[in-house]
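Q: what shape does this take:
(chains A, B and C)
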Amino acid sequence: MANNTMTLNEAISSLTKLNESFYAYRERVDVNIDAFFLVTMTTIVFLMQCGFAFIEAGSVRSKNTIDILLKNLLTSLFTCVVYFFCGWAFAFGNKGNSFIGFGQFMMFDLEAPKYPLWFFHFVFAATSSTIVSGAVAERFEMVAYLAYTVLLGGFVYPVITHWSWDSTGWLANGPEGVKFKDFAGSACVHVVGGTVALIGMILLGPRIGRFEDKKTGRPAVPLKGHSAPFVVLGAFMLLVGFFGFNGGSQGSLARPGDGDTVARACVNTILCSGWATIAVIFCNKFFFSKNWSLLCSINAALAGMVAACTGCDALEPWACSIVGVGAGLAYFFIAMLVEKLRIDDPVDTVGIHCGGGLWGLIITPVVMKGGIIYGANRFAFLQLGWNLVGGAAIIAWSLVTMGSLFFLLKLAGKLRVPAEVELKGLDVLRHDGAAYPGETKEEASRRASKFGDDPLFSSGHLNILVQRTLKNGNHSPAEP
Amino acid sequence: MANNTMTLNEAISSLTKLNESFYAYRERVDVNIDAFFLVTMTTIVFLMQCGFAFIEAGSVRSKNTIDILLKNLLTSLFTCVVYFFCGWAFAFGNKGNSFIGFGQFMMFDLEAPKYPLWFFHFVFAATSSTIVSGAVAERFEMVAYLAYTVLLGGFVYPVITHWSWDSTGWLANGPEGVKFKDFAGSACVHVVGGTVALIGMILLGPRIGRFEDKKTGRPAVPLKGHSAPFVVLGAFMLLVGFFGFNGGSQGSLARPGDGDTVARACVNTILCSGWATIAVIFCNKFFFSKNWSLLCSINAALAGMVAACTGCDALEPWACSIVGVGAGLAYFFIAMLVEKLRIDDPVDTVGIHCGGGLWGLIITPVVMKGGIIYGANRFAFLQLGWNLVGGAAIIAWSLVTMGSLFFLLKLAGKLRVPAEVELKGLDVLRHDGAAYPGETKEEASRRASKFGDDPLFSSGHLNILVQRTLKNGNHSPAEP
Amino acid sequence: MANNTMTLNEAISSLTKLNESFYAYRERVDVNIDAFFLVTMTTIVFLMQCGFAFIEAGSVRSKNTIDILLKNLLTSLFTCVVYFFCGWAFAFGNKGNSFIGFGQFMMFDLEAPKYPLWFFHFVFAATSSTIVSGAVAERFEMVAYLAYTVLLGGFVYPVITHWSWDSTGWLANGPEGVKFKDFAGSACVHVVGGTVALIGMILLGPRIGRFEDKKTGRPAVPLKGHSAPFVVLGAFMLLVGFFGFNGGSQGSLARPGDGDTVARACVNTILCSGWATIAVIFCNKFFFSKNWSLLCSINAALAGMVAACTGCDALEPWACSIVGVGAGLAYFFIAMLVEKLRIDDPVDTVGIHCGGGLWGLIITPVVMKGGIIYGANRFAFLQLGWNLVGGAAIIAWSLVTMGSLFFLLKLAGKLRVPAEVELKGLDVLRHDGAAYPGETKEEASRRASKFGDDPLFSSGHLNILVQRTLKNGNHSPAEP
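A: Got it, this is the predicted structure:
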C-alpha cells in the first residue's frame, strides 16, 4: 500500500478498520493477561497450603502427623466448595450492601472474566482457614475442624473481604474518602486467622502437660515437633507463596502501573522478611538464648511478610526496615507473652499473624508514601485511624462469630478430642494409622505401646496425671 | 502533531506507519505471551514429577525408596531425550498421516514458535510415564523401567496425542465433524498411564506376601508405605501442578477467550477435586471404616482432577459436582475391585487414573455446555459415542504395545527383580545403599540384617514362605 | 462511524487519537509484561533456595541438619538486605565505571521499572551464596557463614555481574566488539560459587574421619547424608527452579524474539540435563560401580543445567548432546579428582558447579549458533578466547577476595567449629536442638549420648582418634 496512491476514502476505510482492530485487540490482551496473571499468582499462592501443612506437621509429635496433614489438605478442598456455594456471594456478589455481598451464589451469573478473581479469592479464603489449624493442633476434633472451615471460608472471611475489598464495602468507603489500607490482607487474612486461632486455643486449653502444673508442681514438658526439616520445607513454600500472595493482590496486570506495583510488592515483601529475621535472630542470640535459633528465624521471616501485606505496594524500600524489624520483634515478644499467659500455641500463630499483621496495619499509614512521616496532615492521621477502626472491627467480628461456633462445639463436647485420644495420638485412633508405618518391628511395637512417643511419659509425675486424666474423662485435663 | 495542520498525504503516511506498527506489535506480543504462558505452565506441570515421586516414595517401604525416587527422576530426564529424537516427530511432525506424525525428528526444521509447545508436550509425555512407576513399585527391574519409559515416551504416547490433538489425527476428525473431547488428557495421559500400569501389574504379579495365600492360609501382610508426610507432599505438588496441566492445555493465551478458558479450567479443576474428596471421605467414614482417611482423601482429590481433564474448559462450575463426586466414587470402588482381583496396586493407580479418567471421558459429553443434558440432540450423543470410541482405541493401543514389551521382558526374565532382591530391598542391592544412611549403629545393623524393615518377617508363617521362595528362585513367588 | 461520512479533519483527529492510544498502550503492555515475566521467573528461581537447602540437608548427618537448613534459609534473607544496601549499586548502579557499578545505594533513585530486575538479580546473588553452604557443611562456623554471605552477596558477586552483564562492564565490551558469553551465569554464578566453595574447603580441611589417616592407617569413614529423599526433593526443586533461572535470564519479554528465546532456553536446559544424566548413569554403572546411582544421576542432571547456563539461548537442540554429556562427565571425573586430593566436598560442589560451569563456558562458543563448528572464523575464536579470559578473571577475583576473608577468619579461629562441636553435632550445641526431637525415649537418650549418630564411633580406632582430638582442642584434628 503506497501512501501517495491512497484516496481519502480508502484511507478512512483503513483507519476505521485499524481503529476496530486496535480496540478489539487491546481488550483481548487485557483480559487474557489479567487471567494469566491471576491464575499464575493463585497457583503460586497455593504453595502456601503446602507450606502451612509442613510447618505444622513438623511442629507436632509424630503421633499426630496424619491428623494435621489431613486437616491442611482438606482446608482447600472443602473451602473451594463452600466458596463456590456462598463464599464469593457474601464477598463480591453483585447485589449486596455495604456490610455483606449477595448474589452469584454457586457462580451463577458470574461472568467469565471474573473467574480469575474467584480463583484468587478462594485461595485466600483457604489461607485464612489454614492459619488456624496449627494453633489448635494435636487436640482439635475433626468435626470441629470441618465445621469451622466451612463457616470461616463460607461466611466469616468473605464478609470481611466485602468490607475491605469490595467497592461497596463500608471499610473501603471511609469518612472523607479514606479507604482501609490493607493491600494483601495483613488484617483481612492474617489477623483474622490469628484471632480465630487465639479464641480457639483459649477455649480448647493447652495440650496435656504443656505447662507447669501449679498445684502439684509438675514441671512443663517440652512438646517439641518431630521434624525440623518439615518446618523448613514449609517455611520455604510460604516464602515462595507469599510472592504470589502479595504480588497477586494487585489483582490486575493490564492497567498502567500494575507491573511496577507487582514488582514493588514482591521486593518489599522479601525486604520486610529479611529485616524481621535479622532483628530477631540477633535479639534472641544476644539477649535471650545463646543459640542461633532456626524456629525464631522462620517465624520472624513469616511475621515480616505478614506485616508487608498491608502496604507492600506503597512502601519505599528503605521503609521495609521499620516494617520488618517491628514485625519481627512484635512476633517475638507476643509469642513470649502468649506463653506466659499459659496459652498453648504450637506454631506461634498469634505472634506471627496477629503480631505481624497488626504491626503492619498500624505502621504502614505512618511510613508509606504519603504517610505521616512524609507530612503529618489530617488525611494521613485519618488513614491511621481508619486502619485502627478496621482492625478492631475485623477482630471483633472474628471473635464473635467464630468464638460462638467454638463455644457451641465445646458445649456439645465436640471441640477437643478425649484425653485418651490425645495421649495415644490422633493418627492411630482417628485416621489411617501411624504416619511412618514402615518401621521395624521394635519401633512399631514401641510406638504401638500404650502412650506412643510422647515425652510426657518419661516421668513418674506424669503417669499419675495421665491416670487421673483418663479416669475423669475430662476433655482438657491439665487445665481446669 | 496538530490535526488541523496535517495534509492528506501526511495523514496517509502516518496511517500507514501506524498500520505497520500495530500489526507488527500484535504479532510480537502474541508470540511472546504464548511462549511465556506455555513456559510458565510447563514449569508448574514439572512439579507433578516431584509430586509423583513423593507420593510413590512415601507409599513404599524404606528399603525401596531410592529405587522409586531414581525411577521418577529419570522419567523426565530420559523422556526429554527420546521426545527430542522422535517423540515430537510421531506426535506433531509435519509430514504424518491421520494415524501417526512424521518429520521434525531431533527438532530439525522445528520453527522457533513451536518450542513452547514442544516443552509443554514433553512434560506431558513424562507425566504419562511417571504414572506407571508407582503401580509397579518395589519389584520392577531398572532395565525394564528404562525400556518402558523410552517406548512409551518416544512412541506409544506420542501416537495417541497425534490421534487426539494433532489437527490431522483421526480422533480429532470424527464423523460429522465431531472431535474427540479430551481437553487436558483424561484419556490421552491418565487412562494411558493407568492402562499400562494395569497390564504391568498383572504381568508382574503382586509383591511377596501382599495377599492371603489361599493354599497355606497365610494371611495377607499390610505392606504399608514408610512415610505419610511424603505422600502428602506429593499430593500438594500434584494439586499445584494440575493447575498448570489443565490450565496450560489451552495451549495459547493470545486468542480471544483464551484467558477466560484458562481460568475456567483451573476453577473447575479444584472444584472437581473438592467434590471428589468430600464424597469419598464421608463415604469411607460412614459406610466402610470409621476413620477419616488421609490416603482416600488424597486419592479422591487426584481422581477428581484427572476427571476434570476431559472438559474443565467446557463445564459450568455446578457440573463439577457431578464430575467430581463420580470420579471420587469411581476411584474408590475400582480400587476395591482391583484389590479383590488380587492385583497389587501400591498407589491405587488404576482407580485414580483409569477410574477418574474414564469417568471424565464419559460424563463430560453429558454435562458440559452443549452436552446431552442441555439438549439430547444427535450431535451430543455423537460426541459421547466418539469419546467412547476414542477411549477404547487408546486402551487397546496401550495394552497391545506396552503389553507386548512387558511380555517380552518377562520372557527374558528382566521384568521383575529376583525374590532375594525384593525381600532385602532394591536400594541396597541395586543402588547407592539405604535411603536413610545416617542411622544409629543399632538402626543400621537392624536394617542391614537379613530382611530389613519388612513387616513380612514378624510372623512365623512368613519366614517359612520366604525360605521356600528363596530356595525356588521364583520371580513372583507368592502368586503361582 | 461510517467511513464515507467522515471528513478529512475528523479522520485526522481520529488518527491522532489512535496514534496516541496505540503508543501509550504499547508502552504500558511492555512494562507490565516485563514486570510480570521477571517476577514470575524470580519466584520460580526462589525454589532453588529450597532445593539447595534440601540437597544439603539430606547430605549431612542428622546431627547437623538444623545448622545447614538455617544457613540456607538465612542466605536469601541476609542477601536481600545487603543487596538492597549496596549489592545492586556495585552491580548496576548508574554511576560506575567498567570495573564496578556505583550509585542507587539503598535503592534510592532506582526507577520503578527497574524493580523487577532488582528482584531477579537479588535472587541470583542469593543463589551464588547458597551454592557454597553445602561444600563447607558440618564444620563451618555460623559467624563465618554470615560474614561470607554478606561479602559475597554485597560486593564480590555484584562486581562480577557488573563486568559481565552491565552494559558498561569490561567483559561485556571485549576487543573487536566481542562480548563475554554467559547468558545465565555458568561462570558468573556457578563457577563463582564453586570456586569459593573450593577455597573454603581447602582452608577448612575435611570433616573428622572423612579420609584415611595415613599415619595410623585408620580407614576413611563414609560420612553419608541422613536422608536420600531430601536430596531428591532438593533436586526436583532445582530442576524446576532452573527453568526460571535460565528462561528468566532473557530479562525481558517485550522485545521481538524474547518469547522464542525464553522457550529455547528452557528446552535446551532440560535437554542438557537429560544428556548429562544418561552419560553419567551408564558410565558409572558399567565402568565404575555396578549400581544405578541416584546421587550420580542427580549431580549429573545439575551439572548439565549448569553448563546450559552459558548458552541455552543460542544452542540448537542437537548441540545439547555435546554440552550435556561433557558436563556430566566433567562433574563425574572432577568429583573423583577432588576426592583423590583429599578435599572434602559433601555435595560435590566443585564437580557440579566448576566442572559443569567451565565446560559450558568453553564448549558453548564452539557449538552454539555461529560458533566455531559452524565456521572457524576469527570472531568465533575470539569469542572462545574472551570466554576463557572472563572465566579466569572471575576465578581469580573470587579466589582473592573470598579467600582473603576465609583466611582472616581462620586466623581469628572463627572459620571452623571446635572439634567437640563437630563431633557432637552443631544442632545441639549451636542451635535449637535436635532436628528430629519427637523421638521415643530410647532414641532421644541414644541421640543425646555423647557422640550421637555418627558412624565414626563404630570402630575402636576412632574412639582413640576422637579422644586425642578432644584433648588437643585442635580445630581440624584429622588433617594436620
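Q: the residue in the stretch 201-350 of chain A that chain B sits nearest to: which element?
A: The stretch 201-350 of chain A approaches chain B most closely through A:Phe230 (6.4 Å), counting by Cβ to the nearest Cβ. (Glycine included, C-beta is placed from N, CA and C.) Take DSSP states H and E as the rule and A:Phe230 turns out to sit in helix A:228-248.
Q: using PDB, write out the CA atom coordinates for that helix.
A: The C-alpha trace of helix A:228-248 is given here as PDB (Å, rounded to 0.1, in the frame of the first residue of the first chain):
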ATOM      1  CA  ALA A 228      12.700 -29.600  61.800                       C
ATOM      2  CA  PRO A 229      13.200 -30.200  58.100                       C
ATOM      3  CA  PHE A 230       9.500 -30.300  57.500                       C
ATOM      4  CA  VAL A 231       9.200 -27.000  59.300                       C
ATOM      5  CA  VAL A 232      11.900 -25.500  57.000                       C
ATOM      6  CA  LEU A 233      10.200 -27.100  53.900                       C
ATOM      7  CA  GLY A 234       7.000 -25.400  54.900                       C
ATOM      8  CA  ALA A 235       8.800 -22.100  55.500                       C
ATOM      9  CA  PHE A 236      10.300 -22.100  52.000                       C
ATOM     10  CA  MET A 237       6.900 -22.900  50.500                       C
ATOM     11  CA  LEU A 238       5.500 -20.000  52.400                       C
ATOM     12  CA  LEU A 239       8.300 -17.600  51.300                       C
ATOM     13  CA  VAL A 240       7.700 -18.500  47.700                       C
ATOM     14  CA  GLY A 241       3.900 -18.500  48.100                       C
ATOM     15  CA  PHE A 242       4.000 -15.000  49.600                       C
ATOM     16  CA  PHE A 243       5.300 -13.500  46.400                       C
ATOM     17  CA  GLY A 244       2.100 -14.700  44.700                       C
ATOM     18  CA  PHE A 245       0.100 -13.600  47.700                       C
ATOM     19  CA  ASN A 246       1.400 -10.100  47.800                       C
ATOM     20  CA  GLY A 247       2.200  -9.600  44.200                       C
ATOM     21  CA  GLY A 248      -1.100 -11.000  43.000                       C
END
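Q: and whichever helix or strand comes after it, what does it pack against?
A: Sequence order places helix A:258-283 as the next helix or strand after helix A:228-248, per DSSP H and E. For helix A:258-283, the elements it packs on are helix A:228-248, helix A:294-311, helix A:320-340, helix C:8-59, helix C:65-82, helix C:115-135, judged by 3 or more Cβ pairs under 8 Å, 6 or more residues apart in numbering or on different chains; DSSP states H and E.
Q: next, the angle helix C:115-135 makes with helix A:258-283.
A: 40 degrees (axes from the mean of the first three to the mean of the last three Cα atoms, to 10 degrees).
Q: in helix A:258-283, what counts as buried?
A: Under the neighbour-count criterion of 16 or more other Cβ atoms under 10 Å in any protein chain shown, helix A:258-283 has A:258-281, A:283 buried.
Q: the bottom helix or strand of chain A by mean pLDDT?
A: Across the helices and strands of chain A, mean pLDDT, DSSP states H and E gives its lowest value to helix A:441-448, namely a mean of 41.
Q: please identify the most buried of the helices and strands packed on helix A:258-283.
A: helix A:294-311 (a mean of 31; mean count of other Cβ atoms under 10 Å in any protein chain shown).
Q: quick check, it touching chain C?
A: Yes: residues of helix A:294-311 are located near chain C by Cβ under 8 Å from any Cβ of the partner chain, namely A:294-295, A:297-298, A:301.
Q: packing partners for that helix?
A: Using 3+ Cβ pairs under 8 Å, 6+ apart: helix A:294-311 touches helix A:228-248, helix A:258-283, helix A:320-340, helix A:356-367, helix C:65-82.
Q: hmm, 6 Å instead?
A: Under the contact criterion of 3 or more Cβ pairs under 6 Å, 6 or more residues apart in numbering or on different chains; DSSP states H and E, helix A:294-311 touches helix A:258-283, helix A:320-340, helix A:356-367, helix C:65-82.
Q: let's have those in JSON lines, adding mean pLDDT.
A: Shown next, in JSON lines, are the helices and strands packed on helix A:294-311 (pLDDT from 0 to 100):
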{"stretch": "helix A:258-283", "mean pLDDT": "98"}
{"stretch": "helix A:320-340", "mean pLDDT": "98"}
{"stretch": "helix A:356-367", "mean pLDDT": "98"}
{"stretch": "helix C:65-82", "mean pLDDT": "97"}
